[in-house]
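[1] predicted model follows, preceded by the sequence.
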Amino acid sequence: MPFEEHVSSLGRLTAMPDPTVVTPAAEDIREAVASLQALEQVSVESLAAWVLASPAQSYVLALAVGVSREKLKNLLRHWFNTAS
């Protein structure tokens, strides 16, 4: 089988997600964004306070710069030299 034919025969392993469907993850992100928008001022101090108040949603800040939740967890493990 020629390479081009092989490549054209490949398909997606999973369906493309529908961005309009409300999911628990999307709702969590919306809530985090609303909470961030409510900050009076965006500064290192205000973001640090927000992370302390909302640790479960802090991954949303990483998403804003293209870092996945899993990548953030791995970076934190590395930076703090922890196993979990």
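    That came through fine. Residues are numbered from 1 along each chain as shown.

[2] quick test: name the residue nearest the centre of the chain.
    residue 63 (3.8 Å; Cα atoms, centre = their mean).

[3] that one: helix or strand, and which one exactly?
    helix 59-64 (DSSP states H and E).

[4] how long is stretch 6-25 from one end to the other?
    Between the start and the finish of stretch 6-25 there is a gap of 36 Å, counting by Cα to Cα, to the nearest Å.

[5] typed the wrong thing, it's stretch 8-26
    Counting by Cα to Cα: the opening and closing residues of stretch 8-26 are 33 Å apart.

[6] do stretch 61-74 as well
    Distance across stretch 61-74, first residue to last, is 15 Å (Cα to Cα).

[7] which outside residues touch it?
    Applying Cβ atoms under 8 Å, 6 or more residues apart in numbering, the contact partners of stretch 61-74 are 29, 36, 47, 51, 59, 75. C-betas here are computed from N, CA, C, even on glycine.

[8] from those residues, which would you call buried?
    29, 36, 59 (16 or more other Cβ atoms under 10 Å).
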